[in-house]
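Colleague: Model the following, please.
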Amino acid sequence: MKIPAIPYVSPSLRFDQDARVVVVEYRNAETGKVARQIPSEEAVRRAATEGAGPPAAAAAEGEAAEPGAAPAAAAPRISIDV
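Modeller: Below you'll find the model as predicted:
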């Protein structure tokens, strides 16, 4: 008896720490490869290089988000399957 392959969970969510955005990934159920993601890979890459994240992104780099505010700790990389 052949055991059926376990399908990949889709969609899944992941947090991109460099761009500071949540990415929704839709995967091919058979191969597990990302078929589509929102926002696009290009938009995530652009946000990471331009520092287009929320004000907390500046705080994570050691700059205060507001005058007198303490710098925030960097967020860990996480991935959540839904």
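Colleague: what helices or strands is the lengthiest helix in the chain leaning on?
Modeller: Identified as the longest helix of the chain according to DSSP state H is helix 41-50. On a contact count with 3 or more CB pairs under 8 Å, 6 or more residues apart in numbering; DSSP states H and E, helix 41-50 meets strand 21-27. (Glycine included, C-beta is placed from N, CA and C.)
Colleague: in the helix or strand following the strand it packs on, what's buried?
Modeller: Downstream of strand 21-27, the next assigned helix or strand under DSSP states H and E is strand 34-38. Buried residues in strand 34-38, counting neighbours by 16 or more other CB atoms under 10 Å, are found at residue 37.
Colleague: hmm, who's touching strand 34-38?
Modeller: 23-28, 44 (CB atoms under 8 Å, 6 or more residues apart in numbering).
Colleague: do that again at 10 Å, thanks
Modeller: 8, 10-12, 14, 21-29, 41, 43-44 (CB atoms under 10 Å, 6 or more residues apart in numbering).
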